[in-house]
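1. Give me coordinates for this.
(3 chains)
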Amino acid sequence: MDILNARLSRRRFLQATGAAAGATAVVGGVGYSTLAPSENAHAQEKTAGGGTKITKSVCAQCPARCGIDVYTTDGRVHAIYGNPEHPIANGKLCPKGHLGAYFLYDPDRFRGPMKRTNPKKGRNEDPKFVPITWDEALNTIAARLQALRDKGESHRFALFYGRGWGASCAGLQGTFGKLYGSPNVAIGHASMCAEGSKRAKRATDGNDSYNAYDYRNVNYILNFGAGFLEAFRPYNYLMQMWGHMRTKSPKTRITTVDVRVSTTTAASDRALLIKPATDAALALAIAHVILTEGLWDKEFVGDFKDGLNLFKSGQDVPPESFQERWTYGLVPWWNVVVKTATPKWAAEITGIPESEIVITAREFGTTRPAIAIMERGPTAHTNGTYAGMCIHALNALSGSLFAVGGLFYQMGVPYGSLPVNADDYMDEYAKNGPWKKFPRIDMAGTEEWPMAGTMMQECAKNHLAGKPYKLDTAMFYYTNPIFTSPDAKAWEEALKDVFVIDTSPFPGETAMYADIVVPDHTYLERLQDAPTYPFEGWPLTQLRTPAVKPIYDTKVYGDILIEIGKRMKGPMGEYYKALGNTENVLRHLAKGFEANPGDNGVKDFESWKEKGVWYKKPYLWRQYRGEFYEWDGKGYNKKMTPEEVKAKLLKTPTGKFEFKSGFLEKHAEYIQKRLGVPPDRVGFPQYIPAMHTGGGDLHLVTPKTAMHAEGRGGNLPHAIALAQPSMGGRRTVFLEIHPETAKKRGIKNNGKVRIKSNLGVIEAIARYSPGARPDTLVLPQEHGHWAQGRWAKGRLPGNTSDICENVSDPISGLACYYTGKVTVEPA
Amino acid sequence: MAKWGMVIDLDKCTGCQACTVACGMENNRLPGENWQDVLFYHEGEFPSGTLKWFPRPCMHCENPSCAEVCPTRATYKTEDGFVLIDWNKCIGCKYCMIACPYGVRFYTDEKAQIQPDIKQVFKSDGKRSWNPPWRAPDNRDDWQHGVGIQPIGVVSKCTFCYHRVSKAPKGTADLDPKNPALREFTPACVLTCAPSARYFGDLSNPHSEVSKLIASKRGVRLRDHTGNKPQVYYLTGGAAGTIPTDRRGKKA
Amino acid sequence: MSNNAISLNPQTSVINALSLVGIAGTVLSLALVFMNMIDERHASFNTTSDGIVWGLPVATYVFFVLTSTGLTFVASFGMVFGIKEFLPLAKRCIWLAFATLVAGFTALAFELGHPFRMLWALPTSFQIVSPMNWMGVLYLAYVVFLLLKFQKIHAGDWDSSASKKLGIASFIAVTLAHATLGSVFGMMAMRPFWFDGLMPVYFLLTALLSGIAFAVLMTYIAYGGRREAMPEPLQNLLKGTTPTLYASMPVVFSTVLGVTLVALAARTVTGVWSHQDGFQAFDWMVSSPWFAIEAIGMVVAFFLMVSPRTRSEVGVQLLSSALVLLGLFIGRYEFVIGGQVVPVFKGNWVLDFIEYTPSLTEWMLLVLPLSLCLAIYAVGEKKLQLGAMPER
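-> Presented below is the predicted three-dimensional model:
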């Protein structure tokens, strides 16, 4: 009955903030028209009509941001389905999406702000939290930040964030850092996510972004390590597209290259189980076949001047013989890298038979549209950016960039501007304070990581070493590096002498180290915007609207940030007072829709709340048979000049797709130092052997499973029960091991094992997986919580982050989660 | 009278288990008590080893052996094709679970698959065997048709979302989740299935999509040799060669 | 009490001890069962919906009710078929049949989700195609006839037409009841390990064997293992010194045991030989050490009972009946679990066969019926002159 008690405090909170219940639509009498009076205390919650409400909101269990219909009756959320009018969800959901109520009603949730009373920190230290008021919590934080600023040490405050949603939460952080004066506000988690594919695209086509894809029209997918049917984004939409692709005419053929057996490899037409970290070699060999057999898209790439194909295995091609169109450096790339990258060469490196490579290459090369997709699999290695470039180069060769059935980039949302301009509130300290001299604590963008945008995984190490300095205070939003970062244990040491502020509503590992907890709402209680990740290209943003009033004394993160800001002295405090609250922010953002009404009629804040989503088709650009066109309001009729293409689409130094990357060549010296690539080669997509960590004899890959709600799903018994059914996991997640590999080591099917790396040991239950690569172990990541709630805690297997060394791809900065080698033995 | 049935296109099924979870939440199932399960198995060895799976709802058989063995008629077949359990009559003998060839029946009082037991966290209100805050609206409880959170000591199973489907307008040929007017009547698993691998409609209507799919894509039934004659059909590819699944043809 | 009945009292000290064991066992096991089940109910069982649905308590039920059937058959030899040599055992067997029936249904009652609901739901619903329904009806009829018959003979009425009709009625009722129990399993086409139209016949045979073994064992126990303390007709029956050899216990015992072994062997060999999907349960069965104990015990018992040199020995008969009962109990367990041990569908969710080990509560639901059976028997032996037989 804790929930009932908590409702009282929630009311108190509501009075304080005036938050309103969400926009709702009453189900048209069907099915729920005869509501009997509720016999319990929940009756207080009954809505005016006494019916079931549907609130349009947004799922938060992965970055895909599916629109959801939240069904609420008598104040209780009892069902969640996909929003049928939402372009990503289309009325569908992935398995996680339905479980939202488990988050909302998690019995282990924090019920209000708290402070720590046990000064000792550690895995087994009870923080001994005591409840405090919001005022005390916010005043304590503001006073601490103010004191740092007054001492000129504001750079020692860092704000770490992971799953930021939009302008009303993570979007407020940059301004906060600027006004406050810290280079560490905010440090994102992208370097522990999937920076590799973004940097690979930056290096080749100039867009530092994930791609949008036209799955509706594609006829061939060559998938390098994307968990298309498990974790690739947006998962729900991808499965919808899978159903479409597999039944359309012609049926889309799919070849999946991965290091493990998965539902994706199993459902594909062909699965190539590749040796980990060698994807680049395979992609190069495919390029080799495409070029030698003349299968490249001549309208996009160009052709030999006399039409005679001079790409012959092992033979140089005179650069002047080839006339390139939208690419740059093809012949130099061939001469330096591709001419020797034969299928035979790749077969030795990748373990994939030559014949399979040739067949795959011919299929890819002769089918249009054909795309090569990838994600963290091939890129979370020290050679990851180069691997990503090799794969993306295939998209240039197949001419699928910006083409129908090809891939593009995501357009932004025409949000309105905020009521106040932060630049008007910069005091002298903000403009020229001592903090300006300091690099970020993670050293991203410095000589150490010149091409990395963020390097969260470096922070614990740097803090412990006092290089560049020590942190004083760290605030965490939707991130939990003490559990998820490579070498997570370093964070357990580092955060001992840092004042930690956690904003998660759940008792995660960060919270166990927190000095103060200011809990956010769970997502079904939030008012929050969420522009889409790259999807189909055209702009889309959605609004998360509370389905129920917050059931505990929590506060939406945007408001926490604004409230801290209000308590700062000087113009910064004035700025936040003028900004008001997140709802005000959202109302101003929505003003942008007045000039750009959405296709679904959303034109202001109210209609946005009602529909839950604003979007506007079409995507404005298209490449067709080697020409680029822009949408003129009626069709793709306006032919684009090379300058326009460079400004809008191919944002490389040359305005072309670069097989010889200008971006990388600028950092030739650094790349040579870190990766040993000679300066005259650094620009080319190429295969270099990965530097494997861990010191063992078996590769360890740590994928996400379909039920894995980004680590936060650890306390959902329903998700645990379905975590890994592909291996039979109903209570636990298993280590997948080839039977021969296991037997050689005396490991029994279903036997307990120890997995060791240089960093330490974790335990797991092993299950024989006859389809697995004998040299590769598979253990899904982010299990083995030591906090996060009663169901999550202390459950096998161990946390893979504990044995994953903190090594990153020097180019992208992406943590090399999949590059570790381990030993395994019976426990 | 409709004869409700389901078609599952295994060519489209991605094994994601959204059906399992949607059903679990719609029908307030315990963690691991999967009325609608997806079963996976390995075949072959590296480098040609692979994974296979199939989703498994209750088949709502034409000849339901579970109903035939039930000594108290607690399990019964309705005129429009549902196989349901009356929780007021079930004595918990579990004979139906023995007699079901498909393993899709669940006894209430078992060790929790996931510890700590969620039943102890959201404790029984004296009627329901447990009482989570996200349970369906109280007025939906319908023990005669096995809808709601079951009381102790009884057997439960997939109802084909009886509480939704039974309210569909008479004469509906197909419960197409894309049709906004029919969404609220469509079974949860069909509604959410992202690749649209599931179809639900009237098998007795030759114009229904399910009837057409069974005909044109050669729908087969699971374990047809038991004679239970499921009203759930699987499509297993478009090839012309198929295996006859029973020995005796239908009487004309 | 009739005067014209011959009655020798069994050994009181043994009976007292039996009743003590029975009552203590009942109290103890009942306490443990309640303790475990009051809060957890059937979660205190190790049965699961995706594995073994019917566990040890069902095997216990089958064991006891089939023993009850067999005891009624033994009683019927004399009372229905006029084989007078068996009359000395008749009254004891009828009472034992009642005791074992109570024991069996006790196990079942704790296994059911709603045992009390059954009392009204079964007759009001009356599913005519459910073998379990018929089993309930017929066992109810059986217990009524059995008690009436017992009441008649207890009153000394062995031969009246009413008494005979009751004897015939209970014989028919139990024959049909056990047959429907056989069909409960035998009709399950989806469970090949059980699926067999002749299952009722197989049950008939094994029921008879367990009735014989139980009768022999309990009779010896009643007399403290001393055959010389028994009435002479009973001694003759057990010793095999009856005028017609076929109407003696050693011959009947060894014959039924022999035929049962043939049936068991035929079933097992066919099961192991066949590749029928689901028959893997036979591999599971024969690979268990319990199967070896069962098979060796029963074969040894057969040879001991068939050999003219040994079959009349008290010790041999005691040992054989104990071995047979143990073997049959293992057999019931193998049978009930074996039908479920092959997963309904293969999959990574299960490694091989379904794993099942009975929980403490489930074991207690063996101790409880057994204790209850002993206690009821002891009461009968003390109060109801179970050794009574009609005067010639």
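2. Nearest the middle, which residue of the chain would you pick?
-> Just going to use chain A. In chain A, the residue lying closest to the centroid (C-alpha atoms, centre = their mean) is A:C193, at 5.4 Å.
3. try again with chain C
-> Chain C, centroid-nearest residue using C-alpha atoms, centre = their mean: C:T67 at 1.7 Å.
4. what residue ranges in the chain score low on pLDDT?
-> I'll assume chain A. Low-confidence segments of chain A, defined by pLDDT under 70, span residues A:1-50, A:711.
5. Can you look at chain B instead?
-> Chain B contains residues with pLDDT under 70 at B:238-252.
6. Using PDB, write out every CA atom in the helix or strand in which C:A59 is found.
-> Assigned by DSSP states H and E, C:A59 falls within helix C:56-79. Only the C-alpha atoms of helix C:56-79 are listed here, as PDB (Å, rounded to 0.1, in the frame of the first residue of the first chain):
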ATOM      1  CA  LEU C  56       4.700 -37.400  -7.000                       C
ATOM      2  CA  PRO C  57       1.300 -36.900  -5.300                       C
ATOM      3  CA  VAL C  58      -0.400 -38.100  -8.400                       C
ATOM      4  CA  ALA C  59       1.800 -41.100  -8.600                       C
ATOM      5  CA  THR C  60       1.000 -41.700  -4.900                       C
ATOM      6  CA  TYR C  61      -2.700 -41.400  -5.700                       C
ATOM      7  CA  VAL C  62      -2.400 -43.900  -8.500                       C
ATOM      8  CA  PHE C  63      -0.400 -46.300  -6.400                       C
ATOM      9  CA  PHE C  64      -2.900 -46.300  -3.600                       C
ATOM     10  CA  VAL C  65      -6.100 -46.400  -5.500                       C
ATOM     11  CA  LEU C  66      -4.800 -49.200  -7.700                       C
ATOM     12  CA  THR C  67      -3.700 -51.100  -4.600                       C
ATOM     13  CA  SER C  68      -7.200 -50.600  -3.400                       C
ATOM     14  CA  THR C  69      -8.500 -52.000  -6.600                       C
ATOM     15  CA  GLY C  70      -6.300 -55.000  -6.300                       C
ATOM     16  CA  LEU C  71      -7.300 -55.600  -2.700                       C
ATOM     17  CA  THR C  72     -10.900 -55.600  -3.800                       C
ATOM     18  CA  PHE C  73     -10.000 -58.100  -6.500                       C
ATOM     19  CA  VAL C  74      -8.300 -60.300  -3.900                       C
ATOM     20  CA  ALA C  75     -11.400 -60.100  -1.700                       C
ATOM     21  CA  SER C  76     -13.600 -60.900  -4.700                       C
ATOM     22  CA  PHE C  77     -11.700 -64.200  -5.300                       C
ATOM     23  CA  GLY C  78     -13.600 -65.600  -2.400                       C
ATOM     24  CA  MET C  79     -16.700 -63.500  -2.200                       C
END
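7. got the angle between whatever helix or strand comes next after that helix and helix C:56-79?
-> The C-terminal neighbour of helix C:56-79 among helices and strands, as given by DSSP H and E, is helix C:87-111. Here helix C:87-111 runs at an angle of 160 degrees relative to helix C:56-79 (axes from the mean of the first three to the mean of the last three C-alpha atoms, to 10 degrees).
8. other SSEs contacting helix C:87-111?
-> Under the contact criterion of 3 or more C-beta pairs under 8 Å, 6 or more residues apart in numbering or on different chains; DSSP states H and E, helix C:87-111 touches helix C:56-79, helix C:131-154, helix C:199-222, helix C:232-239, helix C:360-383. (Glycine included, C-beta is placed from N, CA and C.)
9. Kindly recompute the last result at 10 Å.
-> Applying 3 or more C-beta pairs under 10 Å, 6 or more residues apart in numbering or on different chains; DSSP states H and E, we find helix C:87-111 packed against helix C:12-40, helix C:56-79, helix C:115-125, helix C:131-154, helix C:161-186, helix C:199-222, helix C:232-239, helix C:360-383.
10. any idea how far the fourth one is from the chain center?
-> Shown here is helix C:131-154, whose average C-alpha point lies 15 Å from the average C-alpha point of the whole chain (C-alpha atoms, centre = their mean, to the nearest Å).
11. Can you give me the buried ones in it?
-> Neighbour-count burial for helix C:131-154 flags C:131-143, C:145-150, C:152-154 (criterion: 16 or more other C-beta atoms under 10 Å in any protein chain shown).
12. Over to stretch A:489-501?
-> Under the neighbour-count criterion of 16+ other C-beta under 10 Å, stretch A:489-501 has A:K489, A:A490, A:W491, A:E492, A:A494, A:L495, A:V498, A:F499, A:V500, A:I501 buried.
13. Stretch A:565-581 too?
-> Using 16+ other C-beta under 10 Å as the test for burial, stretch A:565-581 gives A:565-568, A:571-576, A:579-581.
14. Out of these, which comes closest to chain C?
-> Checking these against chain C with C-beta to the nearest C-beta, the nearest one is A:N581 at 48.6 Å.
15. okay, the residue of the stretch 101-250 of chain C found nearest chain B: pLDDT?
-> Proximity of the stretch 101-250 of chain C to chain B (C-beta to the nearest C-beta) peaks at C:G113, 1.6 Å away. The predicted structure scores C:G113 at 96 on the pLDDT scale.
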